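S.K.: Quick one, structure for this:
(one chain, ligands or ions: 2)
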Amino acid sequence: MTSTLADTSSQQNGTSVYGDYIKSVIRTVRDWPNPGVNFRDITPLLQNSAAFRKLIDSFVHRYQELNIDAIAAIDARGFIIGAPLAYEMGCSFVPVRKKGKLPFKTISETYKLEYGEATVELNSDAFKKGDRIVVVDDLIATGGTMLAAAKLIERTGGEVVETAAIIDLPELGGSRHIREAGHNVFAVCSFTESE
Ligand SMILES: O=P(O)(O)OC[C@H]1O[C@H](OP(=O)(O)OP(=O)(O)O)[C@H](O)[C@@H]1O
Ligand SMILES: Nc1ncnc2[nH]cnc12
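M.R.: Residues are numbered from 1 along each chain as shown. Ligands and ions are numbered 1, 2, ... in the order given. Reported below is the predicted structural model:
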């Protein structure tokens, strides 16, 4: 029997009990890489072994009873959490890569960036119909990357059980956009623009 997820659909962000702690070890670098951008830097979190363990454990705790077949992780920062999560859950790890990195037959999705566009790719044999998949990344901003990854998975016949991130930037509208497309969204913590 498959357990169900806590309903996060009416919430702006996640419900992790470690949310405030994880947030406290994420560094904000102002005006990087461009003026006006507040870059949310997860490297202090990764360097803090206790915090990194709590982060991975909170994802494991959320998904371990849900009969998940695979963690799909988004290139590149999503790999950092996707690999230990899949290892701990005893399920597959599948990379969603930036264009031109996968040597085998792929499917691709192109999405809009603030300026221009980007493409993500997935191995065409990564999933089979009915596979239950959690998609992970470090951060949801406009939501374009996460939504493109979810579309790729659905094209293979896989079921996106949830899209998950460490950080949500709710004022950029990405998590709302992903929910409006019909997906569950979970984030461990969120930052407002002024934080
Ligand atoms: O919600 P969005 O507006 O799509 O933005 C979020 C994406 O942007 C960042 O990746 P980036 O392309 O900078 O790649 P990296 O992980 O290789 O640094 C981040 O890691 C997410 O994947
Ligand atoms: N503000 C931000 N901080 C870190 N990574 C990002 N990717 C997109 N926006 C970002």
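S.K.: Wait, residue 132 touches residue 161, no?
M.R.: Yes - contact criterion CB atoms under 8 Å: residue 132 and residue 161 qualify, at 5.1 Å. The way it works is simple: take the backbone N, C-alpha and C, and place the C-beta from them, glycine included.
S.K.: what do those two both touch?
M.R.: 66, 68 (CB atoms under 8 Å, 6 or more residues apart in numbering).
S.K.: Tell me the helices and strands packed up against the longest helix anywhere in the chain.
M.R.: Across the chain, the longest stretch assigned as helix under DSSP state H is helix 49-63. Applying 3 or more CB pairs under 8 Å, 6 or more residues apart in numbering; DSSP states H and E, one finds that helix 49-63 contacts helix 19-24, helix 43-47, helix 77-89, strand 159-168, strand 185-190.
S.K.: partners of the last one in the sheet?
M.R.: Put plainly, it is strand 185-190. strand 159-168 (parallel) (DSSP bridges).
S.K.: is the strand it pairs with up against ligand 1 anywhere?
M.R.: No - applying CB under 6 Å from any ligand atom, one finds strand 159-168 separated from ligand 1 by no less than 8.1 Å.
S.K.: Please tell me how far that strand is from the chain's geometric centre.
M.R.: 5 Å (CA atoms, centre = their mean, to the nearest Å).
S.K.: now do stretch 41-61
M.R.: That offset, for stretch 41-61, works out to 14 Å (CA atoms, centre = their mean).
S.K.: Quick check: buried residues in that stretch?
M.R.: 42, 45-46, 48, 51-52, 54-59 (16 or more other CB atoms under 10 Å).
S.K.: If we only consider those residues, which is nearest to ligand 2?
M.R.: Nearest to ligand 2 among the buried residues of stretch 41-61 is residue 42, at 7.9 Å by CB to the nearest ligand atom.
S.K.: show me what contacts that closest one?
M.R.: Per CB under 8 Å, 6+ apart, neighbours of residue 42: 26, 77, 80, 138-139, 166-167.
S.K.: From ligand 1, how far off is it?
M.R.: Per CB to the nearest ligand atom, to the nearest Å, residue 42 is found 9 Å from ligand 1.
S.K.: Could you list the low-confidence segments of this protein?
M.R.: 1-15 (pLDDT under 70).
S.K.: Kindly report the residues of it close to ligand 1.
M.R.: Near ligand 1, when you scan the chain using CB under 6 Å from any ligand atom, you find 74-77, 137-146, 174.
S.K.: Return the distance of residue 48 relative to residue 22.
M.R.: Using CB to CB, to the nearest Å, residue 48 is found at 10 Å from residue 22.
S.K.: and what of residue 65?
M.R.: Residue 65 is 22 Å from residue 22, by CB to CB.
S.K.: When those two are compared, which one has more neighbours?
M.R.: Using other CB atoms under 10 Å as the criterion, residue 65 and residue 22 rank with residue 22 on top: 22 against 11.
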